[in-house]
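Asks: Dropping the sequence and predicted coords here.
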Amino acid sequence: MGNASKYSALNTKIQAMNAKLLTSKDYEILMNFTTEREIGNYLKHNTRYSQVFNEYSIEKIRRWEFELVLKKQMLIEIERLSKYLDYEAKDFLNIMFMRAEVEDIKLILRAISRKEDLSELPQHFLHNEKHELVSFEKLLSKNNLLDLVEEFRGSVYEDAFRSITEEDLKLREFHAEMNLDSIYFRELRKKSENLSNEDKDIVKSIIGLNIDLINIQWIYRALRYYNLMNEEIFNYTLLGGDKLTLRRIKEMIYSDDVMNKTINFIKDYGIDINPEDDKYLQVSINRYLLKFINDASKNNSMTIARLIKYIHDAEFEAMDIITILEGIRYQTQDIPKLLTKRWW
Amino acid sequence: MVNLAIEKMRMMNIVSPIENIHSILEDLVIMGCFHIQNYTKSNSSDTLTMQLVSEVMDDSLDIGNIQKFKFEKTDFKDLIEKLSFIADSIDMELEVDNDIDREYDFEKIVTRLNSMYSVIAPIRKKMEDMRKSITEKEYFLENIKFLDTADLDISDIKNMRHINYHIGTLTKENRIKLRDNYENISAVVLHIGSSNDGESYLIFSPTKYEEETNKILKSLNFKEIEIPDDIRGNVSETSNMVRAQIADLEKIYFEYKDVVSNINEYYRNEITRIYSEIHLEQKIEHMKENVAATKNFFYFSGWIPEGDATNTKENLEKKYEDIIVVEEKPEEINKEFIPPTKLKNNWVISPFELLVNMYGVPNYNELDPTLFLGVTYLILFGAMFGDVGQGLVFVIIGFLLKRKAKKGTDAKDYGEILFRIGLSSTVFGFMYGSVFGNEELIPAIVVRPLENINFVLYSAIGFGVVLLLISFGMSIYNLAREGDMEECIFGRNGVSGLIFYVALLSLGLQMLLNAQLLPNSVFIIVMILALLSLLFKKPLYSVISKKEAEYEEGKSTYYIEGGFDLIETILSLLSNSISFIRIGAFALNHVGLFLAFSTMAKIANSPFISVAILILGNIIIIGLEGLIVLIQGLRLEYYELFSKYFKGDGKTYIPVKFIEEAEEF
């Protein structure tokens, strides 16, 4: 089956769903609100989030619930869109459910390291039981790391727990989390191999860029904020970058002016970075990624690119709403600068 | 008429003191013929029953206080989990024993189960721990085996003061990172082999760099293998020592296993019994969820086939002194309670219930269309696919399928259907004189389709017309039973529609045969009158019924819609009839398709290829054309016929039974 006929139904659906994304007008209205309640009510009554908000009373909704609902909306939409895909593409898209699952596993790890009660956790879970790669029911019945690790044996996550100890959980929370992320990216790359050639090219370029951006941010932050050895920085980078191959990373890390090289690398993308005030770094990177995907989707309309674009649109939109909520809570004025969208 | 009716049902209401609830419900489950009528406010206040109850019992029921029965729910999931755990530990399958001793105390069972669980669980835990330990040791062996050739004393390595060692594995990805960055690491890294778990390494680093080394290994996700404390000597001695430990563990493990299998002997019967009793208890609780109760009495109602009603009632009344069983006919109770549908067909026809249910379950008041569908489907299929040889292939496939499939599954019914239509195909094969497409082997009893094209096509339509007329009859009967007299008399599937259709047919036939039974104008007038009565069915019916006609969306809308309806009625009657021409067309097609293959076989220049083509042709005809004919037959049944007379909005009669059919072994 040619890609044109393969994606015609999906793309029609996406077109219809695109129309329901928040517009710049919605953004303006949201930013003018001064309370969380107003935002909640607006989303509940004027946007496609109405369905997920229906179960909640805006008066009573808790902050973390609010964020969870926004994130869940995207998974619901992915579920809906995946009906229009063939087996390989569906399998690839399922990776999004794995990502939600990874985030929830991190929640369990944090709770275990803090010796918290696990019974309260499930309400915070983003992932859907239907797509579980490990049984959360079993995970939640464990109360120490050793038993938990045992439960991951034989699952796709096994490698993330090869070397973890109780001490790691306390002292280097990032160790387990980065190992989990690296498994997520490993699976992502693996699954992209099964896509049709046309789709594979696009997906690889997007994943490659994404990994580059994550690695360079890691290097930057590790240098600036963490006291890590060069070898550790090197070892925690993700494989599969586009420009940043292992050799390039090594050259960068072991060079004398590593910080400058890192900053220049970021600047080469046209991404603004000011080491004195880097709170806009993440959003600049997101904007760059979104623009890249947007261009890819424009040039390859009859491929999986449009689906990927929609997912990112929806995800960054949810992140933006969370940013706006935070702006209200912390009374910051520079919210527009912290939003990924509304930039073009 | 043969039995086209649906099994008659009785609503049975049972009232008894609350102490009897468990015992009575248990009896009902064992009888296995009660279809639960969900408790609602209105059936409990059913006056007939209540009157009787208050007459018989001193403590008259406080109807106002009647409500859904509340009780503590048993955690069956936990019980079943424990049972499965035990059964799994002692290698047995959980099965329900039909022959159950009903004199049991459920609480005792639960206690007994828990005590069995507490015996088995620790043993199981021990065995699992041993397995784990064995796996760990094997893992260790696997990773040090690469050092086998080196003359190395493990205890020497362990006792080094200025150098630390690490043995462990890396994943492929991290191995690349280590390899690419060797020069920056102050350690000696020896790749010693590959195992299931990745690449094995032996690493030596100066003690003073221990912290750095640890960090680096951690960031590489290095899986360290601990050398057990009690290990001494060189590598091969070490290996032997560990192997001996494994052997010991294995030995103990199997001893435990023996213990377990002894327990098995001891527990097996008891487990089956407990499982059966829990199974029964589950069913009883399921019924309890639909019971209503006052303080002292409980009230249960359900549907039961007419034939079982009297017997059941007598049995219950004989066994319990203070029980009231009231039997009611569906006509006597509130219309909102629709009896479930139980189809009763003989073994020849009953597999076709599957095809009926695929469209919809007949409602209680409808005629059961299974017989009509079964007989006509057999004829339709046979006529379209008449061949002795190919038919017998279907018979064989069907026979094998029904033999292999489990009872109560759809696959079994499909097998039965295939078996029957195969037979029909064979019968028609004799009539057409066709064996695997060959028309020279046997004579045709009736006709050879391809030589009598017109006859085949005309008789197809003729047969279709007969089926449509029968459908009209069933539709009129169903509508009358349902009490929808307006549709019954003036509807398109009612008498008016039938008159129009008959007049249309007669006119057509008269013109075709150039005969003159009645003047054409008479038929035309009858047709127009019938159409007018279709259009004006509401006002006409209001005259007959002496009731004001009600127009849901206004008069004008009604007539506009009615006008379009008329056109649609005429068109669909014509197309319905013509549609049956496909029976003839497929009969011809069947021969034609084979003709193509036999021509190819003839012009092939080797007899081997000819035979191959004929075999391939037959396979294609059976597979492809067989499928098409199956579907086309079903299409005629569903679209042309069912749409006339069949609603299919009933619900299936599913009694609560101790052992469901699908659970039978």
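Replies: Received it, and whenever you're ready, just let me know what you need.

Asks: which one is the closest residue to chain B within the stretch 201-344 of chain A nearest to, not counting chain neighbours?
Replies: Proximity of the stretch 201-344 of chain A to chain B (Cβ to the nearest Cβ) peaks at residue A:235, 3.8 Å away. Quick note: C-beta positions are derived from backbone N, CA and C, even for glycine. Spatial nearest neighbour of residue A:235, chain neighbours left out: residue B:219 (3.8 Å); criterion: Cβ to Cβ, 6 or more residues apart in numbering or on different chains.

Asks: Report the contact partners of that neighbour.
Replies: A:175, A:231-232, A:235-236 (Cβ atoms under 8 Å, 6 or more residues apart in numbering or on different chains).

Asks: ok, it to residue A:230 distance?
Replies: 11 Å (Cβ to Cβ, to the nearest Å).

Asks: Which parts of the stretch 51-200 of chain B are strands?
Replies: B:67-68, B:163-170, B:188-195, B:198-206 (DSSP state E, counting those that start in this stretch).

Asks: Turn those strands into a markdown table, including distance to residue A:306 and mean pLDDT.
Replies: Shown next, in a markdown table, are the strands of the stretch 51-200 of chain B (distance: least, Cβ to Cβ, whole Å; pLDDT from 0 to 100):
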| stretch | distance to residue A:306 | mean pLDDT |
| --- | --- | --- |
| strand B:67-68 | 52 | 78 |
| strand B:163-170 | 40 | 87 |
| strand B:188-195 | 43 | 82 |
| strand B:198-206 | 39 | 87 |
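
Asks: would you list those in JSON lines and tack on distance to chain A and mean neighbour count?
Replies: Below are these laid out as JSON lines (distance: least, Cβ to the nearest Cβ, whole Å; neighbours: other Cβ atoms under 10 Å in any protein chain shown):
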{"stretch": "strand B:67-68", "distance to chain A": "26", "mean neighbour count": "13"}
{"stretch": "strand B:163-170", "distance to chain A": "8", "mean neighbour count": "20"}
{"stretch": "strand B:188-195", "distance to chain A": "12", "mean neighbour count": "15"}
{"stretch": "strand B:198-206", "distance to chain A": "8", "mean neighbour count": "20"}
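
Asks: Residues contacting stretch A:311-319, please?
Replies: With Cβ under 8 Å, 6+ apart, stretch A:311-319 has contacts from A:18, A:21-22, A:70-71, A:73-74, A:77-78, A:96, A:286, A:289-290, A:293, A:340-341.

Asks: From the residues you listed, which shows the smallest pLDDT?
Replies: Lowest pLDDT of the contacts of stretch A:311-319: residue A:341, 86.

Asks: Let's verify that residue: helix, strand, or coil?
Replies: coil (DSSP: H, G, I helix; E, B strand; the rest coil).

Asks: For the biggest helix by length in chain B, enumerate the helices and strands it packs against.
Replies: If you go by DSSP state H, chain B has its longest helix at helix B:235-288. Secondary-structure packing of helix B:235-288 (3 or more Cβ pairs under 8 Å, 6 or more residues apart in numbering or on different chains; DSSP states H and E): helix B:21-31, helix B:76-89, helix B:106-144.

Asks: List just the one of those helices that sits closest to residue B:159.
Replies: helix B:106-144 (16.9 Å; Cβ to Cβ).

Asks: hmm, back to that, export the strands of the stretch 51-200 of chain B to JSON lines and tack on distance to residue B:433?
Replies: Below are the strands of the stretch 51-200 of chain B laid out as JSON lines (distance: least, Cβ to Cβ, whole Å):
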{"stretch": "strand B:67-68", "distance to residue B:433": "68"}
{"stretch": "strand B:163-170", "distance to residue B:433": "75"}
{"stretch": "strand B:188-195", "distance to residue B:433": "71"}
{"stretch": "strand B:198-206", "distance to residue B:433": "72"}
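
Asks: still on that earlier bit, would you mind listing which of the contacts of stretch A:311-319 are buried?
Replies: A:22, A:70-71, A:73-74, A:77-78, A:96, A:286, A:289-290, A:293, A:340-341 (16 or more other Cβ atoms under 10 Å in any protein chain shown).

Asks: leaving aside the residues next to it on the chain, what's closest to residue B:208?
Replies: residue B:162 (8.0 Å).

Asks: And for residue B:21?
Replies: Here the residue nearest residue B:21, using Cβ to Cβ, 6+ apart, is residue B:298, at 4.9 Å.

Asks: Could you pull up the residues touching the one you found?
Replies: Residue B:298 sits in contact with B:15-18, B:20-21, B:69, B:291-292, where contact means Cβ under 8 Å, 6+ apart.

Asks: quick one: least confident helix or strand in the chain?
Replies: Defaulting to chain A. One helix or strand of chain A scores below all others by mean pLDDT, DSSP states H and E: helix A:166-171, with a mean of 78.

Asks: hmm, I had chain B in mind actually
Replies: Within chain B, no helix or strand scores below helix B:41-44, which has a mean of 53 by mean pLDDT, DSSP H and E.

Asks: Got the confidence number for the residue located most distally from the centre of chain A?
Replies: Computed with Cα atoms, centre = their mean, the residue of chain A farthest from its C-alpha average is residue A:256, at 32.7 Å. pLDDT, residue A:256: 89.

Asks: Make sure I have this right: it is in a helix.
Replies: No - using three-state DSSP, the assignment for residue A:256 is coil, not a helix.

Asks: Any idea how many residues pack against the residue of the stretch 501-650 of chain B found nearest chain A?
Replies: Using Cβ to the nearest Cβ, the single residue of the stretch 501-650 of chain B nearest to chain A is residue B:624, 22.4 Å away. Close neighbours of residue B:624, defined as other Cβ atoms under 10 Å in any protein chain shown, add up to 11.

Asks: Over to residue A:242?
Replies: 15.

Asks: mind saving the C-alpha coords of stretch B:291-310 as PDB?
Replies: Output in PDB follows, covering the C-alpha atoms of stretch B:291-310 (Å, rounded to 0.1, in the frame of the first residue of the first chain):
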ATOM      1  CA  VAL B 291     -32.500 -10.400  45.500                       C
ATOM      2  CA  ALA B 292     -34.700  -7.900  47.200                       C
ATOM      3  CA  ALA B 293     -35.400  -8.100  50.900                       C
ATOM      4  CA  THR B 294     -37.300  -6.700  53.800                       C
ATOM      5  CA  LYS B 295     -36.100  -7.200  57.400                       C
ATOM      6  CA  ASN B 296     -37.400 -10.800  57.600                       C
ATOM      7  CA  PHE B 297     -38.100 -11.900  54.100                       C
ATOM      8  CA  PHE B 298     -36.300 -12.100  50.800                       C
ATOM      9  CA  TYR B 299     -37.900 -11.800  47.400                       C
ATOM     10  CA  PHE B 300     -36.400 -13.300  44.200                       C
ATOM     11  CA  SER B 301     -37.800 -13.300  40.700                       C
ATOM     12  CA  GLY B 302     -36.600 -15.000  37.600                       C
ATOM     13  CA  TRP B 303     -37.700 -16.500  34.300                       C
ATOM     14  CA  ILE B 304     -38.100 -20.200  33.800                       C
ATOM     15  CA  PRO B 305     -39.300 -22.100  30.800                       C
ATOM     16  CA  GLU B 306     -43.000 -23.100  31.000                       C
ATOM     17  CA  GLY B 307     -42.200 -26.800  30.900                       C
ATOM     18  CA  ASP B 308     -40.000 -26.600  34.000                       C
ATOM     19  CA  ALA B 309     -42.300 -24.300  36.000                       C
ATOM     20  CA  THR B 310     -44.700 -26.700  37.600                       C
END
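
Asks: Now do it, average pLDDT.
Replies: On average, stretch B:291-310 scores 86.

Asks: again, but for stretch A:174-194
Replies: 92.

Asks: mind listing what's buried in that stretch?
Replies: Per 16+ other Cβ under 10 Å, stretch A:174-194 contains these buried residues: A:175-189, A:191-192.
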